[in-house]
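K.L.:
Give me the fold of what follows.
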Amino acid sequence: MKKAFLLAVALAWACNSSQKTVSESTPAPKQTAEPTAYAQTITSEELKEHLFVYASDEFEGRETGEPGQKKAVEYLKTQYQAMGILAAKADGDYFQKVPLEVSQVPTGNVVFNGETFELGEDVLTFTTAMGNFDEIVYVGYGVEEGDYSDYKDLDVSGKLVLAKSGEPMKDNGTYAVTGTQEPSAWSNMSEALGKKAELAQNKGAVGLLYLDEQNFSRFKGYFSYMKTNASGRMQLKDETSDYFFLLLNQNAAATLKEDIMTATAPGVFKAEVALNIESANEAVDSENVVAVIKGSEKPDEYVVVSSHLDHIGITADGQINNGADDDGSGTVAMLEMAEAFKEAQEKGDGPKRSIVFLHVTGEEKGLLGSKYYTDYDPIFPLSNTVANLNIDMIGRIDPKREGDRNYVYLIGADKLSTELHELSEAVNEKYTQLELDYTFNDENDPNRFYYRSDHYNFAKNNIPIIFYFNGTHADYHRPGDTPDKIEYDLLENRTKLVFHTAWEIANRETKLTVDKAAK
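P.N.:
Next up, the predicted model:
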């Protein structure tokens, strides 16, 4: 209402012939500078110089919380200080501490109706699960969306819940949630597991027992690896709770409820359950690195450029996973963009909106650093965050891809804002002429990359995003991901694309319109 009123006053003023014209009374708004000259400061030579340091053996694979990661964050801090770019935090600290914990591999067993199941065989969990129960609330598929709910008329507060994978269907063969023959996210093996666990917790359940043969096979291998290597599951300390989640295979689930595969009606049933699984937590010291160039006209609106600073460290046999592409390439790209924006600022052409350079930790452990920034401690308000441009692997070529090598995969540009997608296309056509490949932007793509890098924590908060990605390759998460294999001319051009896109978003008159709902 206030904006509408001010607009009406402005129009009335402009139409009054007795008043001075705008040009007579006030200076014309400053025109946005041409960014090409500043983009030219982004060079393959400087990208290479940075990356041969950042992805060197000295940095020991940048494992989250380990000495190599500490060397990495110090390197980033030193670079921003040398460029004269300020820390984002008001106290001048470039480091945003991210409170992390590692849950050690749990041990123990469960007893269902008198039958004992050892952890790691028919039952899996990565946290403590203790307690005795004499009844369970069966919630079918454990789905709730729109008018449909498996929890209808059920009180699960303080109770143990049992659910199974999949989602309900109607008698006519359509899915109850979508009303079509297309399944919803509740059927996706990666997304559904988290959605159902979170729903049960939000309903007040003390824990969820979940039958899912596909995820059971997947996580059993992960559990065995962790147990063999004495490693644990990393998580945000703020998210630890007494709530537990147990994956069951069909053998264990049928011991609890014999007809679980066919039973559709939710309800309470009697069962004897004893959970005897213990674990311990160990604190991990880690941090995001955050710097900012303040906007000249709209300093309280923010364009966040992000990449993850961590990698997976050293293998059991002592080989270093250097992570040159994942995500050394994105990290050094940000440094070069920061240099370009800083030079523009020094010449009086600084961005109208503030540019935030967010290097996040814990991406390899579950997008933890970006989640902490968005969900717990956003240094700058999310309500004033205009967009997030996230870079994760832009230095190599996908061997499975056919076509021009001068490409980049774009993911998510059209998910929330039509304007952002159109802006991205126009910027590329004008400045970089890359082939923008949307293969992994497909809703049905089984890789689900949209949900697998740090941009997603912004997208879920209705902030428009673009994820820049070159695809995986044979050296992905292996010691072979070294800086000598980077295609530096491609890294340069892809970096320039992100820079030009950030420049356009930062300098346009209006914020990007969000015209689609977050998924």
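K.L.:
Same question for stretch 337-356: list its buried residues.
P.N.:
Going by neighbour count (16 or more other C-beta atoms under 10 Å), the buried part of stretch 337-356 is 337-345, 349-356. Where you see a C-beta, it was placed from the backbone N, CA and C, and this is true even at glycine.
K.L.:
you'd agree K270 is in a strand?
P.N.:
Yes: with DSSP: H, G, I helix; E, B strand; the rest coil as the criterion, K270 is part of a strand.
K.L.:
tell me which element the nearest residue to it once chain neighbours are set aside is part of?
P.N.:
Of all residues not flanking K270 in the chain, E135 sits nearest, at 5.4 Å (C-beta to C-beta, 6 or more residues apart in numbering). Here E135 is covered by strand 129-138, with elements defined by DSSP states H and E.
K.L.:
Sheet-wise, list the partners of whatever helix or strand comes next after that strand with their directions.
P.N.:
The helix or strand immediately downstream of strand 129-138 is strand 144-145, counting by DSSP H and E. Partners of strand 144-145 in the sheet, by DSSP bridges, are strand 148-149 (antiparallel).
K.L.:
Skipping adjacent residues, who's closest to the most centrally placed residue in the chain in space?
P.N.:
The structure's the chain has its C-alpha centroid closest to D454; by C-alpha atoms, centre = their mean the separation is 2.6 Å. Once flanking residues are discounted, D454 sits nearest to S370: 3.7 Å by C-beta to C-beta, 6+ apart.
K.L.:
Please name the residues that touch the one you found.
P.N.:
S306, H308, L358, V360, E363, D454, H455, N457, F458 (C-beta atoms under 8 Å, 6 or more residues apart in numbering).
K.L.:
Give me the distance from the host helix or strand of it to the chain's centre.
P.N.:
If you go by DSSP H and E, S370 is part of helix 368-375. Counting by C-alpha atoms, centre = their mean, to the nearest Å, helix 368-375 is centred 8 Å from the centre of its parent chain.
K.L.:
got the buried residues for that helix?
P.N.:
So helix 368-375, judged by 16+ other C-beta under 10 Å, has buried residues L368, G369, S370, K371, Y372, Y373, T374.
K.L.:
pretty sure the fifth one contacts K237?
P.N.:
No: with contacts counted by C-beta atoms under 8 Å, Y372 stays clear of K237, the gap being 9.5 Å.
K.L.:
In this protein, what helix or strand scores lowest on average pLDDT?
P.N.:
helix 2-15 (a mean of 30; mean pLDDT, DSSP states H and E).
K.L.:
Give me the neighbour count for K496.
P.N.:
K496: 27 surrounding residues under other C-beta atoms under 10 Å.
K.L.:
S241 versus the residue nearest to K400 when sequence neighbours are not counted, what's the distance?
P.N.:
Spatial nearest neighbour of K400, chain neighbours left out: G471 (7.0 Å); criterion: C-beta to C-beta, 6+ apart. Here G471 is placed at a distance of 37 Å from S241 (C-beta to C-beta, to the nearest Å).
K.L.:
Who has more neighbours out of these two?
P.N.:
Comparing G471 with S241 by other C-beta under 10 Å, the one with more neighbours is G471, at 21 against 9.
K.L.:
For G114, give me its contacts.
P.N.:
So G114 contacts E272 (C-beta under 8 Å, 6+ apart).
K.L.:
Quick check: the gap between it and T255.
P.N.:
9 Å.
K.L.:
do V427 as well
P.N.:
58 Å.
K.L.:
Mind listing what's buried along stretch 269-288?
P.N.:
Going by 16+ other C-beta under 10 Å, stretch 269-288 has these buried residues: A271, V273, L275, I277, S279, N281, V284, S286, E287, N288.
K.L.:
Are there helices or strands packed against the helix or strand V408 falls within, and which ones?
P.N.:
Assigned by DSSP H and E, V408 belongs to strand 407-411. For strand 407-411, the packing partners by 3 or more C-beta pairs under 8 Å, 6 or more residues apart in numbering; DSSP states H and E come out as strand 435-437, strand 465-469.
K.L.:
Which one, of those, ends up nearest to G313?
P.N.:
strand 465-469 (22.2 Å; C-beta to C-beta).
K.L.:
Just give the strands next to that closest one in its sheet, each with its orientation.
P.N.:
Partners of strand 465-469, by DSSP bridges, with direction: strand 385-391 (parallel), strand 407-411 (antiparallel).
K.L.:
can you list those strands in JSON lines and add mean pLDDT and distance to G207?
P.N.:
Listed next are the strands paired with strand 465-469 as JSON lines, based on pLDDT from 0 to 100; distance: least, C-beta to C-beta, whole Å:
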{"stretch": "strand 385-391", "mean pLDDT": "98", "distance to G207": "34"}
{"stretch": "strand 407-411", "mean pLDDT": "98", "distance to G207": "34"}
